[in-house]
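> This is a predicted model, with the sequence first.
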2 protein chains.
Amino acid sequence: MFTILSTDPNKKPRLVSELGGLSHTEEFKYSKDAEIFGEAGPADYIYQVIEGAVRTHKLLSDGRRHIGAFHLPGDIFGLDNGDFHRFTAEAIVDTTVRLVKRQSLERATKTEPAMVRSLLTMTTANLQHVENHILLLGRNTARERVAAFLIEMNGRLKSAGVIALPMNRRDIADYLGLAFETVSRMFRAFERNGYLRFLIDPRQRQIVILNAAGLTKLDAPRKRKDTFSVD
Amino acid sequence: MFTILSTDPNKKPRLVSELGGLSHTEEFKYSKDAEIFGEAGPADYIYQVIEGAVRTHKLLSDGRRHIGAFHLPGDIFGLDNGDFHRFTAEAIVDTTVRLVKRQSLERATKTEPAMVRSLLTMTTANLQHVENHILLLGRNTARERVAAFLIEMNGRLKSAGVIALPMNRRDIADYLGLAFETVSRMFRAFERNGYLRFLIDPRQRQIVILNAAGLTKLDAPRKRKDTFSVD
DNA sequence: CGATGACTTGAACGCCATCAATCGCTGTGG
DNA sequence: CCACAGCGATTGATGGCGTTCAAGTCATCG
């Protein structure tokens, strides 16, 4: 289904296992909202989230922001196959990352040609995520986008039946190309229509999906108004 | 600038030169609107446009269509790094392509490790095109999108100062995530405002850009209404 | 020469952005 | 300990932009 935005995590090479055997790996901690690397900065390292969450974004000339991806524990980011990063990366919450010098990767490709293939596999996975995302941004309504987001997150960070979102409404909005008020409205509409409920949480970031099948159907394009009402 | 959608053609490996030395290359002709390969079909070949133009698209479940890219002479397409194509490819006009068996590429990577790197380079180029396109679809107005499209095409297929578009308004609309009527309206608005003019052509596909700098500025996000009027 | 396809243009509606107000919680300082 | 500022989220009101529906033109083709 085109709306499943997350890439199968089992297909992602783990930094240690598949790229592993590398000497120069270190861990580092970033506090909430700290910048990990900047757009157009030198791409000296690639990263893997150990704990926490990371957003990668681009700023447009008028101040609008596009978030390209959210990176959760296990995810690899900062792989640009060039000398410069194409996104800025920031910690959404206090976050621990593992990092590997790109130079040592480059060196490793000399002795281990399979390494290049791993890079190709990861880049292809990125490409597929972006290709799926483009369908969302190009053609879908606000409701479809938010439904797709919830389905993605339900797959990626559901734990004990609960989605604990690390990011705020604005981050979600900038990921989906919407106003943050619209994201808020859609969340509440889903709640009123019985698709989800919020746990006790002042910031409304703990979500239980009650009707995943219904959300998946909403995500798919609609012809009629269905039985869904925003009011 | 993020709005330049085209990848620098000089950075693309040419199928013959960089991937070359391969025995199993053939040429093939497709007539207008013929399918070259189908989404989810086996990815047995990769392709290079010799003459003509190709569009790659995905169909959504309700019949809406997303065009991911237009491929012009010299461009390589159908490179999916997997066993199946992720797009459908069709000839926009009568088109000649060169094709290479993927199997022979795979074989070549064994004797020539640099080949994998070429594939990685091409995949990264695709990724960058999609990343740029996503900014357009996620955040920009119809005017910005059409301006960006014209700038892209001005860079890719201007010849003797004239852009001869191979695709119709609907193709452009499905590439930009707009209704085809909106594309038509924007084209005419640009004409009325002196940004371009049409050559004598019943289908209005021969365009001369009169004010590329102005279009580039329009493409960039706007705060005010500027001096541009749709009426 | 009627039919078809590509494009343009008009009119009306509806979705979502924008602006604005409010609420609840957190944390900080007096 | 309490007052208050500040942030995140919600909710309402309004308007604009782009879609949708519709009609009409022109060229091409069977």
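Cool, the structure landed. Numbering: from 1, shown residues only, chains lettered A, B, ... in the order given.
> Around DNA strand D, which positions in chain A sit nearby?
A:168-170, A:180-181, A:183-185, A:187-188, A:198, A:203-205 (Cβ under 7 Å from any atom of the strand). Glycine gets a C-beta too; all of them are placed from N, C-alpha and C.
> Dump these to a markdown table, plus neighbour count and secondary structure.
Formatted as a markdown table, the residues of chain A next to DNA strand D follow (neighbours: other Cβ atoms under 10 Å in any protein chain shown; DSSP: H, G, I helix; E, B strand; the rest coil):
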| residue | neighbour count | secondary structure |
| --- | --- | --- |
| A:168 | 14 | coil |
| A:169 | 19 | helix |
| A:170 | 15 | helix |
| A:180 | 15 | helix |
| A:181 | 11 | helix |
| A:183 | 23 | helix |
| A:184 | 17 | helix |
| A:185 | 16 | helix |
| A:187 | 20 | helix |
| A:188 | 14 | helix |
| A:198 | 14 | strand |
| A:203 | 9 | coil |
| A:204 | 16 | coil |
| A:205 | 15 | coil |
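> Columns distance to residue B:130 and pLDDT on top of the residues you listed, output as a markdown table?
Formatted as a markdown table, those follow (distance: Cβ to Cβ, whole Å; pLDDT from 0 to 100):
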| residue | distance to residue B:130 | pLDDT |
| --- | --- | --- |
| A:168 | 26 | 98 |
| A:169 | 26 | 98 |
| A:170 | 24 | 98 |
| A:180 | 25 | 98 |
| A:181 | 28 | 98 |
| A:183 | 24 | 98 |
| A:184 | 29 | 98 |
| A:185 | 29 | 98 |
| A:187 | 28 | 98 |
| A:188 | 33 | 98 |
| A:198 | 34 | 97 |
| A:203 | 33 | 96 |
| A:204 | 32 | 97 |
| A:205 | 30 | 98 |
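> So which of these reach DNA strand C?
Checking the residues of chain A next to DNA strand D against DNA strand C (Cβ under 7 Å from any atom of the strand), the matches are residue A:181.
> any residue of the strand or helix carrying residue A:217 up close to DNA strand C?
According to DSSP states H and E, residue A:217 maps onto helix A:212-219. No - contact of helix A:212-219 with DNA strand C (Cβ under 7 Å from any atom of the strand) is absent, the minimum separation being 11.8 Å.
> for chain A, what are the low-confidence residue spans?
A:1-24, A:220-231 (pLDDT under 70).
> Alongside chain B, which residues does it contribute?
By the rule Cβ under 8 Å from any Cβ of the partner chain, the part of chain A lying against chain B is A:2, A:58, A:60-62, A:64, A:66, A:68, A:80-82, A:86, A:113, A:116-117, A:119-121, A:123-124, A:126-128, A:130-131, A:133-135, A:137-139, A:176-177, A:220-223.
> Would you mind listing the buried residues in the helix holding residue A:217?
Of all the residues in helix A:212-219, those buried under the rule 16 or more other Cβ atoms under 10 Å in any protein chain shown are A:212, A:214, A:215, A:216, A:218, A:219.
> Let me have the residues you listed in TSV, extended by distance to residue A:103.
Converted to TSV, the buried residues of helix A:212-219 look like this (distance: Cβ to Cβ, whole Å):
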residue	distance to residue A:103
A:212	44
A:214	49
A:215	44
A:216	44
A:218	47
A:219	42
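> Go through the residues you listed and name the one nearest chain B.
Checking these against chain B with Cβ to the nearest Cβ, the nearest one is residue A:219 at 9.9 Å.
> Can you say which of the residues of chain A next to chain B are buried?
Buried by 16+ other Cβ under 10 Å: A:2, A:58, A:60, A:66, A:68, A:80-81, A:86, A:116-117, A:119-121, A:123-124, A:126-128, A:130-131, A:133-135, A:137-139, A:176-177, A:220, out of the residues of chain A next to chain B.
> Could you tell me which of those residues belong to helices?
In helices, judged by DSSP state H, the following of those are found: A:116-117, A:119-121, A:123-124, A:126-128, A:130-131, A:133-135, A:137-139, A:176.
> Off-centre distance for the helix holding residue A:217?
Put simply, helix A:212-219 sits 20 Å off its chain's centre (Cα atoms, centre = their mean, to the nearest Å).
> Which strands or helices does that helix pack on?
Secondary-structure packing of helix A:212-219 (3 or more Cβ pairs under 8 Å, 6 or more residues apart in numbering or on different chains; DSSP states H and E): helix A:142-157.
> tell me which residues in the helix it packs on are buried?
A:142-154, A:156-157.
> now stretch A:75-93
For stretch A:75-93, by 16+ other Cβ under 10 Å, it's A:75-81, A:85-92.
> Start and end of it, how far apart?
Criterion Cα to Cα, to the nearest Å; first-to-last residue distance in stretch A:75-93 is 15 Å.
> re earlier: the buried residues of helix A:142-157 also near DNA strand C: which ones?
For DNA strand C, the contacts drawn from those by Cβ under 7 Å from any atom of the strand are A:142, A:143.
> which of the buried residues of helix A:142-157 lies closest to residue A:51?
Using Cβ to Cβ, residue A:157 comes nearest to residue A:51 of those, at 12.4 Å.
> Residue A:151 is in contact with that closest one, correct?
No - assessed by Cβ atoms under 8 Å, residue A:157 is found out of contact with residue A:151, at 12.0 Å.
> Who does the nearest residue to residue A:34 once chain neighbours are set aside form a beta bridge with?
In space, and not counting its chain neighbours, residue A:34 is closest to residue A:91: 5.0 Å by Cβ to Cβ, 6 or more residues apart in numbering or on different chains. For residue A:91, the beta-bridge partners are residue A:54 (DSSP bridges).
> and residue A:91, what is it in contact with?
For residue A:91, the contact set (Cβ atoms under 8 Å, 6 or more residues apart in numbering or on different chains) comprises A:30, A:31, A:32, A:33, A:34, A:36, A:52, A:53, A:54.
> Quick one: classify the most centrally placed residue in chain A as helix, strand or coil.
Centroid-nearest residue in chain A, with Cα atoms, centre = their mean: residue A:70, separated by 2.4 Å. Put simply, residue A:70 is strand when judged by DSSP: H, G, I helix; E, B strand; the rest coil.
> Now for residue A:47: which residues touch it?
Contacts for residue A:47 (Cβ under 8 Å, 6+ apart) come out as A:36, A:54, A:76, A:77, A:78, A:89, A:97, A:98, A:99, A:100.
> Secondary structure for those residues - can I get that in JSON lines?
As requested, these are exported to JSON lines (three-state DSSP):
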{"residue": "A:36", "secondary structure": "strand"}
{"residue": "A:54", "secondary structure": "strand"}
{"residue": "A:76", "secondary structure": "strand"}
{"residue": "A:77", "secondary structure": "strand"}
{"residue": "A:78", "secondary structure": "coil"}
{"residue": "A:89", "secondary structure": "strand"}
{"residue": "A:97", "secondary structure": "strand"}
{"residue": "A:98", "secondary structure": "strand"}
{"residue": "A:99", "secondary structure": "strand"}
{"residue": "A:100", "secondary structure": "strand"}
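> from those, which is closest to residue B:44?
Lowest distance from residue B:44 to the contacts of residue A:47 (Cβ to Cβ) belongs to residue A:76, with 30.1 Å.
> what's the spacing between the closest residue to that closest one other than its chain neighbours and DNA strand C?
Using Cβ to Cβ, 6+ apart and skipping the chain neighbours, the partner closest in space to residue A:76 is residue A:48 (5.0 Å). Using Cβ to the nearest atom of the strand, to the nearest Å, we find residue A:48 at a distance of 28 Å from DNA strand C.
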